[in-house]
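> fold the following for me, if possible:
(one chain, ligands or ions: 1)
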Amino acid sequence: MPPSPSQLALIPFVSVANMMRLVHHVGLETMLCELTDAVEADYRRWPLFEKTARLASHSQEGVIELMPTSDGESFAFKYVNGHPANIASGFQTVAAFGLLARVDTGYPLMLTEMTLLTALRTAATSAMAARRLAPEGARVMAMIGNGAQAEFQALAMKAVVGIEEIRLYDIDANATAKAARNLAGRGLRLIRCATPEDAVLGAEIITTCTADKAYATILTDNMVGAGVHINAIGGDCPGKTELHKDILQRAQTFVEFEPQTRIEGEIQQMDAAYPVTEFWRVVSGEAEGRSDAAQITLFDSVGFAIEDFSALKYIHSRIEATDFFQQIDILADPDDPRDLFGMLQRAAA
Ligand code: NAD
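Next comes the predicted model:
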């Protein structure tokens, strides 16, 4: 029997506290593996989705974005900011919440925090790309930028790709100390590095995850040897990049949704003819991933709505038969759907 309107008017809300309970209940690394598979499954269905470059409201301090998509059955959007200077005053660089809805009635299905979920889905997406693009048997990753995303990235690469050593570097030694402390005892060899050059030594994967609203040069061409896979996450906004242009000249570059990455990714530094491959084509077998051991591969990640859609669907299925949510009456539910005014009047009585 289809759900009644009043059943649909009450929806689950997953707070930060409940998201943390859920992650511990499932197990962090298990969840990262399951999310990687969930995102990859939706990448296989890529042509089915409605796709649009996200709506971005830019200011001097950062950006506020809305990221919508639909597969025709479900609709999802995320609200997310990106404010690199926030950290200095005790706010997070990236904070988010999101909503999953039914397409048939347009009614919401679930509202949830997405600050933690963004860190999880971004790590899962990085791991999804690395398991197809990183060199065979990769065991060492450089992690440049040791902020809020860093530990999630490290653990996803361990759980999904088999990374054993993380070489940590951040311009702020306190951030590196925090990441090393958080990752201790999790089966990774942790090397704290004093320079980015030291961090990339022997690394088969280099993840750049810094936050600066600038054309930064976190990696220069001479730091990237043959065969390395670069997972570039922090350049995700117009005027915000991490890699020297010369690296892009040598790399084979994979992107999420090309029209969005042309505006926001590392490739904003290149002209429109610069060749890229949308990663869903690799997942679906239409395009080649890494073609030889010496190739430099670059996953120019900016974050795309389909990854949030996958994460929202995953959480929605995972909270079923648990108490890791509260019911909220986010929608008005008059007895007679045309009598919205009457419902308001009766509440005054
Ligand atoms: P954060 O502010 O918590 O951490 C950023 C870290 O980068 C800080 O510790 C800072 O000291 C360090 N840093 C800044 N400049 C550096 C440099 N030149 N060298 C080394 N370290 C440097 O931010 P976060 O939440 O970890 O996010 C990191 C970046 O990832 C942000 O730019 C964010 O917008 C981006 N991001 C991308 C995606 C995606 O899907 N691609 C998702 C989430 C976040």
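
> which part of the protein gets nearest to the ligand, residue-wise?
Distance from the ligand to each residue of the chain (C-beta to the nearest ligand atom) is smallest for residue 147, at 1.7 Å. Using the backbone N, CA and C atoms, a C-beta is placed for each residue, glycine as well.

> how long is stretch 200-210 end to end?
One end of stretch 200-210 to the other measures 15 Å (C-alpha to C-alpha, to the nearest Å).

> just give the nearest non-adjacent residue to the residue of the chain closest to the ligand, would you?
Among residues not flanking residue 147 along the chain, residue 175 sits closest, at 5.8 Å (C-beta to C-beta, 6 or more residues apart in numbering).

> any residue of the host helix or strand of that neighbour touching the ligand?
Assigned by DSSP states H and E, residue 175 falls within helix 173-183. Yes: residues of helix 173-183 contacting the ligand under C-beta under 6 Å from any ligand atom: residue 175.

> residue 144 is in contact with the residue nearest to residue 147, correct?
No: using C-beta atoms under 8 Å, residue 175 and residue 144 do not qualify as a contacting pair, with a distance of 10.8 Å.

> do a quick rundown of the strands in the stretch 51-200 of the chain.
55-58, 63-70, 74-82, 96-102, 108-113, 140-144, 165-169, 189-192 (DSSP state E, counting those that start in this stretch).

> what pLDDT does the model give the most centrally placed residue in the chain?
Of all residues in the chain, the one closest to the mean position by C-alpha atoms, centre = their mean is residue 122, 2.3 Å from it. pLDDT for residue 122: 98.

> ok, residue 3 next?
Looking at residue 3, the pLDDT reads 69.

> low-confidence stretches in this protein?
1-3 (pLDDT under 70).

> which bits of the chain sit near the ligand?
82, 87, 93-94, 118, 122, 144-149, 170-172, 175, 209-212, 216, 218, 233-234, 236, 301-303.

> for residue 110, what are its contacts?
Residues in contact with residue 110 (C-beta atoms under 8 Å, 6 or more residues apart in numbering) are 11-14, 99-100, 312, 315-316, 319, 325.

> quick one: the helix ranked longest in the chain to strand 140-144, angle?
When the chain is parsed with DSSP state H, its longest helix is helix 115-133. If you take axes from the mean of the first three to the mean of the last three C-alpha atoms, to 10 degrees, helix 115-133 sits at 140 degrees to strand 140-144.

> can you list the helices and strands that helix 115-133 packs against?
helix 16-26, helix 28-44, strand 96-102, helix 150-156, strand 229-232, helix 279-283, strand 296-300, helix 305-318 (3 or more C-beta pairs under 8 Å, 6 or more residues apart in numbering; DSSP states H and E).

> of those, which is nearest residue 128?
helix 28-44 (5.0 Å; C-beta to C-beta).

> residue 105 - how many residues pack around it?
A total of 12 residues lie near residue 105 under the criterion other C-beta atoms under 10 Å.

> quick one: it and residue 82, what's the gap?
33 Å (C-beta to C-beta, to the nearest Å).

> next, the distance between the ends of stretch 34-54.
So stretch 34-54: terminal residues 26 Å apart, C-alpha to C-alpha.
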